[in-house]
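K.L.:
below is the structure, and that's it, no one-letter string:
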């Protein structure tokens, strides 16, 4: 179970990096469409970071019990 959680955490962390890069890249587009896409990417980043924190918390909780 711990290995599955570790893989899930790594996947989510990589997704955070990808979304962050896409969001930063959207700044360069300029205009309202670039700003809109950048905001959308940053919202996704926050959600993915929250998911990563929850998964890490679950992993630490399970490691503490066993």
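P.N.:
Yes, it's here. Everything numeric in this text was worked out from a predicted model, so none of it was measured.

K.L.:
tell me what the strand or helix carrying residue 32 is packed against?
P.N.:
According to DSSP states H and E, residue 32 maps onto helix 31-65. Judged by 3 or more Cβ pairs under 8 Å, 6 or more residues apart in numbering; DSSP states H and E, helix 31-65 is in contact with helix 2-27. For glycine as for every other residue, the C-beta is placed from the backbone atoms N, C-alpha and C.

K.L.:
before we move on, back to that, okay, the angle between the helix holding residue 32 and helix 2-27?
P.N.:
If you take axes from the mean of the first three to the mean of the last three Cα atoms, to 10 degrees, helix 31-65 sits at 160 degrees to helix 2-27.

K.L.:
show me which positions of helix 31-65 end up buried.
P.N.:
37, 38, 41, 42, 44, 45, 48, 49, 51, 52, 55, 59 (16 or more other Cβ atoms under 10 Å).

K.L.:
columns pLDDT and distance to residue 31 on top of the residues you listed, output as a markdown table?
P.N.:
Converted to a markdown table, those look like this (pLDDT from 0 to 100; distance: Cβ to Cβ, whole Å):
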| residue | pLDDT | distance to residue 31 |
| --- | --- | --- |
| 37 | 87 | 10 |
| 38 | 85 | 11 |
| 41 | 90 | 15 |
| 42 | 90 | 17 |
| 44 | 94 | 20 |
| 45 | 93 | 21 |
| 48 | 96 | 26 |
| 49 | 96 | 27 |
| 51 | 96 | 30 |
| 52 | 95 | 31 |
| 55 | 95 | 36 |
| 59 | 92 | 42 |
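
K.L.:
state the pair within those that is farthest apart.
P.N.:
Across the buried residues of helix 31-65, no pair lies farther apart than 37 and 59, at 32.5 Å, counting by Cβ to Cβ.
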